[in-house]
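K.L.:
Generate coordinates for the sequence data below:
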Amino acid sequence: MGGKTIHMKQSYVLLLSVTATALAFAGPLVADTLSVPSAAKPAYTLEAPAKWQTKVNAEDESVEATAPGEHAYLSAWMVSDGDKKNLAGDIEKTLADSMKKVDPGSKQETMDVNGNSFTMVRGTGLDKREGGKVSFEVAIFSAGGDKVGIVYTDWDTNAPAALTDELKSIIKSIKVTK
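P.N.:
Prediction:
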C-alpha cells in the first residue's frame with residue numbers, strides 16, 4: 001500500500017510539473033492596453049493579446065493590431081459625432097482599403113459592452129491582399145462628448161476558433177474613459 005501512495009504522489013508531482021511547463025511555454029497571458037486617441041488622453045481603451053503586433057499612429061490618432069500570421073487585423077480610431085458623413089466615409093474607406101469586394105447582406109445589431117451601447121455591423125468579403133474570403137466587424141459607439149469610437153476588425157473566414165475568440169475578447173474589452 002505504501003508503494004501505491006508514493007506512486008500516486010509522484011504522478012501528481014509529474015502532472016503539476018507538466019502543467020507548469022506548458023503554461024510557461026504558452027506565452028504571456030497579459031494583454032497590451034491600446035488607448036485611442038492617445039495614451040495621454042484616452043477616450044477609450046481596448047486590450048490586444050500580447051502576442052499581437054500593435055502600432056500606434058500619433059499623427060491620425062489611431063491604433064492597429066495584427067494577429068500572428070496576419071490572419072486577423074484590427075484598427076481603432078474616432079470621429080466627431082457631428083460629422084456623420086465623415087463616419088460613413090471612414091468606414092467605407094477602411095472597407096475599400098481592406099476588401100476587393102464586400103458581399104451584400106451585412107448585418108447590424110446593437111449590443112452592450114461594459115455599460116455602453118454599441119452598433120455592430122458584420123459582413124464578409126474578399127481580402128484585397130490575398131484574395132481569400134474574410135469576415136469583418138465594425139463596432140461604432142459613443143466615445144464621450146461629441147466623439148464616436150470605431151473599431152474595425154477582419155479575419156480569415158476559416159480562422160481557428162481561438163482567433164475568433166481573441167477578437168471577441170478584444171471587443172468585449174473596450175472601455176470608454178469617462
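K.L.:
Give me the below-cutoff pLDDT ranges for this protein.
P.N.:
Scanning the chain for pLDDT under 70 picks out the ranges 1-30, 81-85.
K.L.:
Kindly list the longest strand within the protein.
P.N.:
Longest strand in the chain by number of residues (criterion: DSSP state E): strand 116-127.
K.L.:
Could you list the buried residues of it?
P.N.:
Neighbour-count burial for strand 116-127, counted by 16 or more other CB atoms under 10 Å, picks out Asn116, Phe118, Met120, Val121, Gly123, Thr124, Gly125, Asp127. Every C-beta, even on glycine, is put in place using the N, C-alpha and C of the backbone.
K.L.:
where exactly do the strands run in this structure?
P.N.:
In chain order, the chain shows strands spanning 31-36, 44-49, 53-57, 62-66, 72-80, 99-102, 107-113, 116-127, 133-142, 147-156, 175-176, with DSSP E as the criterion.
K.L.:
For those, give me a markdown table that also has distance to Glu166.
P.N.:
Shown next, in a markdown table, are these (distance: least, CB to CB, whole Å):
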| stretch | distance to Glu166 |
| --- | --- |
| strand 31-36 | 10 |
| strand 44-49 | 5 |
| strand 53-57 | 13 |
| strand 62-66 | 10 |
| strand 72-80 | 7 |
| strand 99-102 | 21 |
| strand 107-113 | 16 |
| strand 116-127 | 17 |
| strand 133-142 | 13 |
| strand 147-156 | 9 |
| strand 175-176 | 17 |
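K.L.:
just so I know, which of those strands lies nearest Ser169?
P.N.:
Within the strands of the chain, the stretch nearest Ser169 is strand 44-49; the backing value is 7.3 Å (CB to CB).
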